[in-house]
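*Asks:* need a 3D model of the following:
(one chain, ligands or ions: 1)
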Amino acid sequence: MDSSNQLNSSLSGKNMKGEIPSGLNSMEALTELWLDGNSLTGQLPDMSNLINLQIVHLENNKLTGSLPSYLGSLPSLQELHIENNSFSGDIPRALLTGKVNFKYEDNPQLHNGAQQKRRFKIILGTSIAVCIAWRFSTVTLIDILIPVVSATLLYPPGDSLPISAKPSTAYSIARGGPFMDEGVAYYISLSELEIATEHFSKKIGQGSFGSVYYGKMKDGKEIAVKTMADSSSHATKQFVTEVALLSRIHHRNLVPLIGYCEEEEQRILVYEYMHNGTLRDRIHCSVNQKPLDWLARLQIAEDAAKGLDSNLPVVW
Ligand SMILES: Nc1ncnc2c1ncn2[C@@H]1O[C@H](COP(=O)(O)OP(=O)(O)OP(=O)(O)O)[C@@H](O)[C@H]1O
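*Replies:* Predicted coordinates:
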């Protein structure tokens, strides 16, 4: 993951089995996909939305099916390696122009349309020569056979149609910006917070800012209340910056700040309560939940990267 909101997945040689999940297509920030040296099966999922994809390594798997023609039109694609799989059908011509570093050896059922055409031309030449020689020696079925053979050779079955210049509709989908212009953190009185947290009785965590408590507002909204233990100038600055920034910035990948409190030497931040535990717990499977699959982990990395997008000032 780099600072320019890019994501690459390096899952080479991880002994992965099964199909490449179709959810991959929603990871538009993906720039590199390394899945080589696994035991992946099935067809390629739709990847037509991955307009930032530059490098794809799928070699040494058990993938089947044909190569979709949009692959040759992915605007950022520079490298595509699919050697030693079981792909079949014709290779999209756009992948053979040299623009993409394309490696496809050891896919016995995969055909290079251009080479196949040359082979047909040679066969056509030979057939005509044989026919002419035969024509001079006999007048049996030749008059019928020549038009049939020519027609078959000029339009070989399976020769792919020219690729449409029309771009995939996926590229033209308008996407909204990362900011949502709604909600501003508001002031919550200490007495209100004491009621909501039952006098700060349910501690749910501890961070560098201070202790975090569970609470429930009068309207039933569940909250995480961060109390500031440190009264140093650095902590004060952090508090002021966090309130100022998070009041303005709402992003679907950032926990929403609901309100704040500054009373009787107390500095408190009130966030929306997140039910699914911490990311750390989920990643390390320390909660009683099913382990996350690699796609979910990749999605989390992408969402975290979006939250840290360079357009947002970050408080460390
Ligand atoms: N919005 C929330 N919903 C549910 N639990 C939360 C929430 N915010 C914090 N917690 C709990 O409180 C703990 C401490 O959170 P906090 O954000 O203060 O620190 P941190 O992110 O763990 O570390 P740091 O203070 O260094 O950023 C978390 O690990 C989590 O268990």
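*Asks:* need the contact partners of stretch 100-109.
*Replies:* For stretch 100-109, contacts defined as Cβ atoms under 8 Å, 6 or more residues apart in numbering pick out 59, 72, 77-89, 91, 94-96, 110. (Each C-beta comes from the backbone N, C-alpha and C, glycine too.)
*Asks:* now the buried members of these.
*Replies:* Those of the contacts of stretch 100-109 that meet the buried threshold are 59, 72, 77, 80-85, 87, 89, 91, 94-96, 110, by 16 or more other Cβ atoms under 10 Å.
*Asks:* now for these: which two are most distant?
*Replies:* 84 and 94 (22.5 Å; Cβ to Cβ).
*Asks:* how about the residues of this protein that lie near the ligand?
*Replies:* Neighbours of the ligand within the chain, by Cβ under 6 Å from any ligand atom: 204-209, 212, 224, 226, 255, 271, 273-274, 278.
*Asks:* include pLDDT and distance to residue 244 when you put those into TSV, please.
*Replies:* Conversion of those to TSV gives the following (pLDDT from 0 to 100; distance: Cβ to Cβ, whole Å):
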residue	pLDDT	distance to residue 244
204	94	25
205	91	24
206	91	24
207	86	19
208	82	19
209	81	15
212	95	21
224	95	19
226	93	16
255	83	16
271	93	15
273	93	22
274	91	22
278	78	25
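*Asks:* PyMOL command for the buried members of these?
*Replies:* Provided next is the PyMOL selection string for whichever of the residues of the chain next to the ligand are buried by 16+ other Cβ under 10 Å:
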select buried, resi 209+212+224+226+271+273
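*Asks:* got TSV for the residues of the chain next to the ligand, with secondary structure too?
*Replies:* Shown next, in TSV, are the residues of the chain next to the ligand (DSSP: H, G, I helix; E, B strand; the rest coil):
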residue	secondary structure
204	strand
205	strand
206	strand
207	coil
208	coil
209	coil
212	strand
224	strand
226	strand
255	coil
271	strand
273	coil
274	coil
278	coil
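*Asks:* for the stretch 201-316 of the chain, what spans make up the strands?
*Replies:* In the stretch 201-316 of the chain, the segments counted as strands under DSSP state E, counting those that start in this stretch are 203-206, 211-216, 222-227, 257-263, 266-272.
*Asks:* from the buried ones among the contacts of stretch 100-109, which is closest to the ligand?
*Replies:* Checking the buried ones among the contacts of stretch 100-109 against the ligand by Cβ to the nearest ligand atom gives residue 77 as the nearest, at 37.7 Å.
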